[in-house]
Structures are given as C-alpha cells and as structure tokens.
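S.K.: turn this into a structure:
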Amino acid sequence: NGSRASEVIASIRALARNEAASMAPLDLRSAIQDVLVLMQGELQRAGITLRTSLAPALPMVRGDRVQLQQVLMNLVLNAREALGEAAPDGCIEVAAQPAQGQVTVTVADTGPGIAEDIVARIFDPLFTTKPGGMGLGLSICRSILDAHGGQIGMRPRSPSGCAFQITLPEAKHGPSDRTTA
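M.R.: You can find the predicted model right below:
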C-alpha cells in the first residue's frame with residue numbers, strides 16, 4: 001500500500017508539473033483488475049453489483065499504469081456516487097475489448113444519468129455537479145487520456161444511467177517495447 005501511494009503521488013506530481021508520463025507497454029486487463037479489487041469492498045458495502053466483461057486477450061497499450069488506473073478509479077467512484085441512495089439496486093459495469101487497433105474500456109452505471117443541459121460541460125475544468133466537488137476529476141481524466149493518445153466520451157444509457165468510454169491505441173511493438181528474459 002505504501003508503494004502504491006508513493007506511485008500515485010509521484011504520478012500526480014508529474015501530471016501537475018506537465019511532465020511526460022512514464023510510458024511503457026502495459027497489460028490493461030491486469031491494470032483494470034487491480035483497480036476493481038481495490039474498489040470491490042466499497043461497492044459491496046454500498047450494495048452495488050459490479051459486473052465485468054473483460055476480453056481474455058486484450059492487446060497491450062502503451063502508457064503509465066498509475067495514471068490509467070487513476071482514470072479508471074475516478075470513473076468507478078463517479079459511478080458509485082451517481083448511484084447514491086439507489087445503491088442497493090444499483091449496478092456498475094466495467095467492460096474492455098479490442099476494437100480496430102484500439103482498446104475500449106467502458107464504465108457504465110444504472111444511476112439517474114446526466115442532465116442534457118450539462119453534458120457538454122462535464123469535462124470542463126472546475127465544472128461540477130457535486131456539492132463538495134472541485135470539478136477536476138473528469139478534466140484530469142481527459143488530460144491523462146490525451147497524453148496517452150486516447151479519448152474519453154460519455155453517452156446516456158437506457159432506461160437510466162450513463163456510460164463513460166475510453167479508448168487507447170494498441171502499443172506499437174518496437175525495440176524498446178520488447179522485454180528480455
């Protein structure tokens with residue numbers, strides 16, 4: 001836990017200083033599973049069902065593991081908060097699959113959704129719908145994904161809730177991407 005906290009702090013400092021992320025070939029499936037293990041207890045205590053659908057063989061992506069895990073954790077926490085008091089009947093779904101040279105990760109919830117009049121602003125810095133929110137989470141997620149050559153978007157779900165989808169390009173294999181035994 002101490003090492004993980006140190007990595008997170010170093011990653012946040014690098015992001016704040018606008019330093020380049022520590023890019024390396026990354027097993028995104030494993031990174032997602034690690035985040036979900038951390039989140040499982042919180043979701044269970046809240047009575048939230050967690051469903052996963054991770055393709056068994058996702059292509060490697062190139063990225064900073066800690067930063068990409070921060071994105072996923074923020075999206076899962078936002079979904080948990082969106083469920084609010086409806087949590088006992090709530091569900092969060094996390095899916096990952098390859099798609100035409102990219103890997104797509106979706107975090108969806110069955111909460112109330114996002115009002116149409118604010119959808120265009122949710123990724124803006126300092127915009128928040130939370131009473132104690134700072135409006136930085138989704139903006140930082142977008143900055144991290146931009147630095148990784150990826151994207152983030154949101155779409156409503158029917159009959160309720162919303163889904164955030166991130167895409168990351170597959171890692172291009174070059175001499176620096178190969179590991180030695």
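S.K.: quick one: low-confidence parts of this protein?
M.R.: The model of the chain has pLDDT under 70 over residues 1-21, 85-88, 119, 121, 124-136, 173-181.
S.K.: buried ones in stretch 110-122?
M.R.: Neighbour counts over stretch 110-122 (16 or more other CB atoms under 10 Å) mark 110-111, 113-114, 122 as buried. (C-beta placed from N, C-alpha, C; glycine too.)
S.K.: okay if I get these as a markdown table plus secondary structure and distance to residue 142?
M.R.: Below are these laid out as a markdown table (DSSP: H, G, I helix; E, B strand; the rest coil; distance: CB to CB, whole Å):
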| residue | secondary structure | distance to residue 142 |
| --- | --- | --- |
| 110 | coil | 24 |
| 111 | coil | 21 |
| 113 | coil | 20 |
| 114 | coil | 15 |
| 122 | coil | 10 |
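S.K.: element containing the closest residue to residue 42 other than its chain neighbours?
M.R.: Sequence neighbours aside, residue 80 is the residue nearest to residue 42 in space, at 6.9 Å (criterion: CB to CB, 6 or more residues apart in numbering). Assigned by DSSP states H and E, residue 80 belongs to helix 65-83.
S.K.: what helices or strands is that helix leaning on?
M.R.: With contacts defined as 3 or more CB pairs under 8 Å, 6 or more residues apart in numbering; DSSP states H and E, the packing partners of helix 65-83 are helix 2-16, strand 24-26, helix 28-45, strand 91-99, strand 102-109, helix 137-147, strand 162-169.
S.K.: for it, what is the distance to the chain centroid?
M.R.: Distance of helix 65-83 from its chain centroid, counting by CA atoms, centre = their mean, to the nearest Å, is 5 Å.
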